[in-house]
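[1] quick one: sequence plus predicted model below, questions after.
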Amino acid sequence: MPSALDTLFADLLALQQESAEAIPPIHLWTPDLSGDIDIFVDRQGRWIHEGGEIKRPALVKLFASILIWEEGDYFLVTPVEKWRIRVEVAPLFVVAARRETRDAVQAIVLTTATDDQVLVDAQHPLWLGPQSDSGEALPMVTVRNSIQALISRNVFYQLVDWAAEEADINSCSELFISSMGSRFSLGQL
């Protein structure tokens, strides 16, 4: 039985479902490891092959659609091959955000550079992840099947603008953003 939030945001959930259904059935593919391939995903979500950036968006989108995460590594899989790739921070990169408010409930939808649509909720949480070179925690979101996306700086600032500040009993202030009835910390002030 759908919850009130599921009914309220049915169109956004359908958009996310369409995005997920565009992914091949990689969960059914279990080939043995074929080896390592010289593909590297940098911090800005650029896919690099043998030192040169892959410039064709359709090819990057295809690679992102056959990506899996297993035991701390990322792999590109097909029904018969499995190739390990290197990833600097996260294989996907969030480039846009929008919010919708209905009946005083907010929903945040994030879009990756590979056109994944992510409705931030308990199953697709927003969180502060690994440290950057400067020591700052990096904003991340879980997109699908344990695949993470780094949130671009401009999108993170947009989320901060939408966030609410709260102070705890020790007078420490923290920013929170809500989406689909869940709260997510954007860090302490």
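    Received it, and whenever you're ready, just let me know what you need.

[2] pull up the distance across stretch 66-78, start to finish.
    7 Å (CA to CA, to the nearest Å).

[3] buried residues, that stretch. List them.
    I66, L67, I68, Y74, F75, L76, V77 (16 or more other CB atoms under 10 Å). The C-beta positions use only the backbone N, C-alpha and C, and glycine is treated the same way.

[4] could you pull out the helices for this structure?
    Under the criterion DSSP state H, the chain contains helices at 4-8, 10-21, 57-65, 153-162.

[5] just grab the bridge partners of the residue nearest the centre of the chain for me.
    What sits nearest the mean C-alpha location of the chain, by CA atoms, centre = their mean, is A149, with 3.2 Å. Here A149 shows beta-bridge partners L92, V141, assigned using DSSP bridges.

[6] isn't it up against L92?
    Yes - judged on CB atoms under 8 Å, A149 makes contact with L92 at a distance of 3.6 Å.

[7] neighbours of L62, how many?
    L62: 14 surrounding residues under other CB atoms under 10 Å.

[8] let me fix that: E21
    7.

[9] could you measure it against P79, distance?
    For E21, the distance to P79 equals 18 Å [CB to CB, to the nearest Å].

[10] domains for the chain, by residue range?
    Split into domains by automatic domain parsing, the chain comes to 4-87, 92-188.

[11] buried ones in the helix or strand of the chain with the lowest mean pLDDT?
    Sorting the helices and strands of the chain by mean pLDDT, DSSP states H and E puts helix 4-8 at the bottom, at a mean of 73. Within helix 4-8, the residues that count as buried by 16+ other CB under 10 Å are L5, L8.
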